[in-house]
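# pasted the sequence and its predicted model underneath.
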Amino acid sequence: MLRPTAFDDIIGQEHLTAFDAPLRILCEKEALGHSFFYGPAGVGKTSLSRVIAKVMQLPFYELNATSLKVEQLRKIFEQYKNALQKPLIFIDEVHRLSKNQQEVLLPVMENNSVLVIGASTENPFFSLTSAMRSRSMLFELKTITNSALEKLLNTAMESVNIEIDADAKEYLVVSSGGDARAMLKLLEFALNVQSKLTLELLKSLRPNALQAGSSEAGVHYDLTSALIKSIRGSDADAAIYYLARLIDGGESADFIARRLVILASEDVGNANPQALTLTTSTLTSVSKIGYPEARIILAQAVIYLCASPKSNAAYLAINKALQSVKDGNILNIPKSITQQNEGYLYPHDFGGYVEQEYLEKPFKFVKLKTIGYEKKMQEWLKIIKK
């Protein structure tokens, strides 16, 4: 009953649904191309796709990449093979598409006989082939603000006779973590228990908030930022506190672990190479074990990272090299190190190192630091090059 049927019904995504938003303009001109939506759960990715199908007057097929059969796709393609109207194929969890599934989609994406829209809680461009990426656009959906959730809740309350205490209403909004679906589900479950909603009833159904429990927009990102910066600054007590805030707020163990893996390379790097191994193991462990025990694994990783020597040499090196490429420094590969091996000197025949041309022009991207294991790496490189 509350599912949006028009762009103006969708809450919290005005950058996509406002009358002058490029996505909406393309849809109303029936010119939207293959697109991928990503953003947190419950922010309206499926609802937006349904609205697009209605606006563009396209038959709508809702599929999920985790259960999608290639034969399903082929049946749809065959059905509309000679039709004047093309279907909109919506694929949820699109980042899980196999290479084979992507290859089946490519021809119809190329000839535009169907419109493909995918959705994911993760940026799907990292899992899609370059051929899929080059034929599509990417749109991000934002976490829904508490004011937008409150607006949706008021609409829901108008359609149903609800008695609700003020603190219960606030909890419905604040504890939903920007997830409209989660808020409406909690409302639905509570109404199935009794018509008068109290804070006690809601907390019996959802004991913990899906985020940190603050009504301030962006608290999720602020807590994550505080955790990362505390680890970077080697303050273990502060880091553990912010970890506790994230866990208590309902943040997924997977999300926290992924951030720790990134930090292990960005901020610890080769000053302690084992940090990447430990955080990768953390990510694997928490995904299999889950809460409440996952909290211990995360705490171990956080303390380890705090106590590790820090280096951002790898982070700086790749950024510098990428900027060089973007600035137009596209160098020819010396023939000696191409597949032809023309004049290539095999380092193992020279004790592990031999001077030869690896870059057409000299560039200095990597600057190791004299801290932790990077100091040993630096010393080893100096020794072997003598």
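The structure has been received and is ready for your questions.
# can you mark which positions in the host helix or strand of residue 383 are buried?
According to DSSP states H and E, residue 383 maps onto helix 372-384. Across helix 372-384, burial judged by 16 or more other Cβ atoms under 10 Å covers 372, 373, 374, 375, 377, 378. The way it works is simple: take the backbone N, C-alpha and C, and place the C-beta from them, glycine included.
# now flag whichever of these is closest to residue 16.
residue 374 (44.2 Å; Cβ to Cβ).
# surely that closest one and residue 366 touch.
No - using Cβ atoms under 8 Å, residue 374 is not in contact with residue 366, being 10.3 Å away.
# joint contacts of these two?
Residues touching both residue 374 and residue 366 by Cβ atoms under 8 Å, 6 or more residues apart in numbering: residue 313.
# what's around the closest residue to residue 189 other than its chain neighbours, how many residues?
In space, and not counting its chain neighbours, residue 189 is closest to residue 205: 5.4 Å by Cβ to Cβ, 6 or more residues apart in numbering. Applying other Cβ atoms under 10 Å, we find 13 residues neighbouring residue 205.
# residue 205 touches residue 191, doesn't it?
No - with contact defined as Cβ under 8 Å, residue 205 does not count as touching residue 191 (10.8 Å).
# list residues touching both of the two?
Joint contacts of residue 205 and residue 191 (Cβ under 8 Å, 6+ apart) do not exist.
# would you point out the most distant pair within the buried residues of helix 372-384?
Among the buried residues of helix 372-384, 372 and 378 lie farthest apart (Cβ to Cβ), at 10.7 Å.
# what ranges do the strands span in the stretch 51-200 of the chain?
Assigned by DSSP state E, counting those that start in this stretch, the stretch 51-200 of the chain shows strands spanning 60-64, 88-92, 115-120, 137-140, 163-164, 196-197.
# list the buried residues in the first one.
It refers to strand 60-64. Those buried within strand 60-64 under the rule 16+ other Cβ under 10 Å are 60, 61, 63.
# can I get the residues you listed in JSON lines including distance to residue 87 and pLDDT?
Shown next, in JSON lines, are the buried residues of strand 60-64 (distance: Cβ to Cβ, whole Å; pLDDT from 0 to 100):
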{"residue": "60", "distance to residue 87": "7", "pLDDT": "96"}
{"residue": "61", "distance to residue 87": "6", "pLDDT": "95"}
{"residue": "63", "distance to residue 87": "11", "pLDDT": "95"}
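# redo those as a markdown table? Include distance to residue 166.
Below are the buried residues of strand 60-64 laid out as a markdown table (distance: Cβ to Cβ, whole Å):
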| residue | distance to residue 166 |
| --- | --- |
| 60 | 40 |
| 61 | 43 |
| 63 | 42 |
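# which one of those residues is nearest residue 351?
Nearest member of the buried residues of strand 60-64 to residue 351, counting by Cβ to Cβ, is residue 63, at 58.0 Å.
# beta partners for that closest one?
residue 91 (DSSP bridges).
# which residues touch it?
72, 73, 89, 90, 91, 92.
# now the lengthiest helix in the chain against helix 372-384, angle please.
When the chain is parsed with DSSP state H, its longest helix is helix 274-289. Interaxial angle, helix 274-289 versus helix 372-384 (axes from the mean of the first three to the mean of the last three Cα atoms, to 10 degrees): 140 degrees.
# and the next helix or strand after helix 274-289, what other elements does it pack with?
For helix 274-289, the following helix or strand on the C-terminal side (DSSP H and E) is helix 294-306. Applying 3 or more Cβ pairs under 8 Å, 6 or more residues apart in numbering; DSSP states H and E, one finds that helix 294-306 contacts helix 219-232, helix 236-248, helix 253-263, helix 274-289.
# can you redo the ones you listed as JSON lines with distance to residue 328, mean neighbour count and mean pLDDT?
Listed next are those as JSON lines, based on distance: least, Cβ to Cβ, whole Å; neighbours: other Cβ atoms under 10 Å; pLDDT from 0 to 100:
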{"stretch": "helix 219-232", "distance to residue 328": "33", "mean neighbour count": "19", "mean pLDDT": "88"}
{"stretch": "helix 236-248", "distance to residue 328": "41", "mean neighbour count": "18", "mean pLDDT": "92"}
{"stretch": "helix 253-263", "distance to residue 328": "29", "mean neighbour count": "19", "mean pLDDT": "93"}
{"stretch": "helix 274-289", "distance to residue 328": "32", "mean neighbour count": "17", "mean pLDDT": "94"}
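# nearest to residue 154, out of these?
That would be, of the helices and strands packed on helix 294-306 and by Cβ to Cβ, helix 219-232, which comes in at 22.4 Å.
# now residue 33, nearest residue through space, not along the chain?
residue 137 (6.1 Å).
# ok, that neighbour - contacts?
By Cβ under 8 Å, 6+ apart, the neighbours of residue 137 are 33, 34, 35, 36.
# determine which two of those residues are furthest apart.
Across the contacts of residue 137 (Cβ to Cβ), the longest gap, 10.8 Å, separates 33 and 36.
# if you count surrounding residues, which of these two has more?
Set side by side, residue 33 and residue 36 show more neighbours around residue 36, with 24 against 13, by other Cβ under 10 Å.
# these two touch, right, the more buried one and residue 119?
Yes - Residue 36 lies in contact with residue 119 (Cβ under 8 Å); the separation is 7.3 Å.
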